[in-house]
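1. I need the structure of the sequence given here:
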Amino acid sequence: MRCFRPLAAFALVASTLLTVSHVNAQAPNASTSLDRTVLASTAPLSDAQKTAIQTFATAEIETIGTSSDQGDLDAARRTLTDPPRDPAATAIFRRGYSTVLTPLLVPVAAGTDLRRSILAMQVLRFLRSNEALDALLNRAAAATEKDATRRIVASGLATDLALDADLSPMQTEAIARRFTICALAETDAFALQQQLEGFSALLKRAQLTPDTAKNVRKAEFEAIASLAVSIAQTKGADARVGSVYRALISVRNQWVEMPTAEKTIAAPQLARGLVELLKASDKQWTDGHANPQASAAYIGMCNSAEVLLRIVDRSMRPNAPRTSEDRVLTKTWESSDKAAFTAEVKRWSDAVSAYK
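-> Residues are numbered from 1 along each chain as shown. Here you go, the predicted structure:
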């Protein structure tokens, strides 16, 4: 059984993100640590300008890597995050700044000291580059980062950065695929929750093209469908249910705004994933009812899945007869009516199996 463990790790990532939000709120009106002409560059940075950035950054990164004074550590982080957040900073400067800093920060982020790693990752979050986001996703991936707490923090920061990174449409779609890869390999429910929220962050990006939005949603729905199959193969209660439940809330909101043609293509895959989640709930009935936290996750997931299935079914079978009763799965789970729950899962399974 996957453990529905206490919220200590989630509290850490929440604290980390609150710290980053506070840093963001404290963004300076101007940075005095680098020459103003460097920040305002409208042409690719010269070697001399890159050298100036490296000289500026090296001492601060060394402080993050070696100091034991929390005040000095926080000051170093602020010094490094000020320039790319400066209102005068151009995209060209941010690109050059990230090119210099990312290779210096990656070893610290991957180091054994969690506090220093988090500070380095917080700086990466504000570089706003594809390379910085890639570095965070390397720390968010179970294949390259074995520490679950670090994956939680990295996933949260990557999701935060996904909203405002300087990404092309092609890079945005590639990052969506990276979130999918991370999510499918993730064993920690809190890290998974952050990774699935990455899709929502990408979809909230300014000036997102319709084609890019469609491809991000495609990656998201594929991730949910694959996770559903994986969860259905688990014998006991699976903590990932809570993470998927929160993702389904976002999907439900997205569905309202999706073009009809996209809905038609996406509906069968999404519906089959939802049915797999319901089958998992039926299979994991006993363990799912074993404690209030697990049961609440299953209730929420069943409710969201049922609402989505009703919406999807209307587009796939517009003339099919409808049941007037809603929240059947939620009510039967709450009342521990296993027979009625199983019957409703079968009803939806049969309906979805007819989708073309």
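2. ok, residues contacting stretch 349-356?
-> In this structure, residues lying in contact with stretch 349-356 by Cβ atoms under 8 Å, 6 or more residues apart in numbering are 267-268, 271-272, 274-275, 278-279, 309, 313, 316-317, 320. Just so you know, the C-beta spots here come from the backbone N, C-alpha and C atoms, and that holds for glycine as well.
3. After the helix or strand harbouring residue 224, which helix or strand is next?
-> Counting by DSSP states H and E, the element that carries residue 224 is helix 210-232. Using DSSP H and E, the helix or strand that follows helix 210-232 in sequence is helix 240-257.
4. related to what we said a few turns ago, show me the two of the contacts of stretch 349-356 that sit farthest apart.
-> The span of the contacts of stretch 349-356, defined through Cβ to Cβ, is set by 279 and 320 at 20.9 Å.
5. In terms of neighbours, single out the busier of these two.
-> Remark: of residue 279 and residue 320, residue 279 carries more neighbours, 19 against 10, as counted by other Cβ atoms under 10 Å.
6. Compute the inter-axis angle for whichever strand or helix holds the more buried one and helix 240-257.
-> Element membership for residue 279, per DSSP H and E: helix 260-283. Here helix 260-283 points in a direction 160 degrees away from that of helix 240-257 (axes from the mean of the first three to the mean of the last three Cα atoms, to 10 degrees).
7. what's helix 260-283 packed up against?
-> Packing partners of helix 260-283 (3 or more Cβ pairs under 8 Å, 6 or more residues apart in numbering; DSSP states H and E): helix 210-232, helix 240-257, helix 292-316, helix 328-334, helix 338-353.
8. what residues does the helix or strand following that helix touch?
-> Next helix or strand after helix 260-283 toward the C-terminus (DSSP H and E): helix 285-288. Contact with helix 285-288 is made by 1, 236-237, 241, 281, 294-295, 298, 333, 338, 341, as judged by Cβ under 8 Å, 6+ apart.
9. what's the closest of the residues you listed to residue 252?
-> Closest approach to residue 252 among the contacts of helix 285-288 (Cβ to Cβ): residue 241, at 16.3 Å.
10. State the number of residues packed around the closest one.
-> Residue 241, neighbours per other Cβ under 10 Å, totals 28.
11. Helices along the stretch 1-150 of the chain, start to end?
-> Along the stretch 1-150 of the chain, the segments classed as helices by DSSP state H, counting those that start in this stretch run 8-25, 36-39, 47-66, 70-85, 91-109, 114-125, 130-140, 148-164.
12. residue contacts, residue 205?
-> For residue 205, the contact set (Cβ under 8 Å, 6+ apart) comprises 162-164, 167, 172.
13. hmm, which two among the residues you listed are most spread apart?
-> 164 and 172 (11.8 Å).
14. More neighbours: which of the two?
-> The residue with more neighbours, out of residue 164 and residue 172, is residue 172; 21 against 15, by other Cβ under 10 Å.
15. I'd assumed residue 206 was in contact with that one.
-> No - using Cβ atoms under 8 Å, residue 172 makes no contact with residue 206, being 11.4 Å away.
16. related to what we said a few turns ago, and the contacts of helix 285-288, which of them are buried?
-> Among the contacts of helix 285-288, those classed as buried by neighbour count (16 or more other Cβ atoms under 10 Å) are 237, 241, 281, 294-295, 298, 333, 341.
17. Flag whichever of the helices of the stretch 1-150 of the chain has the least confidence on average.
-> Note on those: lowest mean pLDDT is at helix 8-25, with a mean of 50.
18. okay if I get the helices and strands packed on helix 260-283 as JSON lines plus distance to residue 117?
-> Compiled in JSON lines, those are given as follows (distance: least, Cβ to Cβ, whole Å):
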{"stretch": "helix 210-232", "distance to residue 117": "26"}
{"stretch": "helix 240-257", "distance to residue 117": "23"}
{"stretch": "helix 292-316", "distance to residue 117": "29"}
{"stretch": "helix 328-334", "distance to residue 117": "40"}
{"stretch": "helix 338-353", "distance to residue 117": "43"}
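19. ok so, going back, mind putting the helices of the stretch 1-150 of the chain in CSV, distance to residue 230 included?
-> Shown next, in CSV, are the helices of the stretch 1-150 of the chain (distance: least, Cβ to Cβ, whole Å):
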stretch, distance to residue 230
helix 8-25, 21
helix 36-39, 46
helix 47-66, 37
helix 70-85, 37
helix 91-109, 28
helix 114-125, 27
helix 130-140, 18
helix 148-164, 17
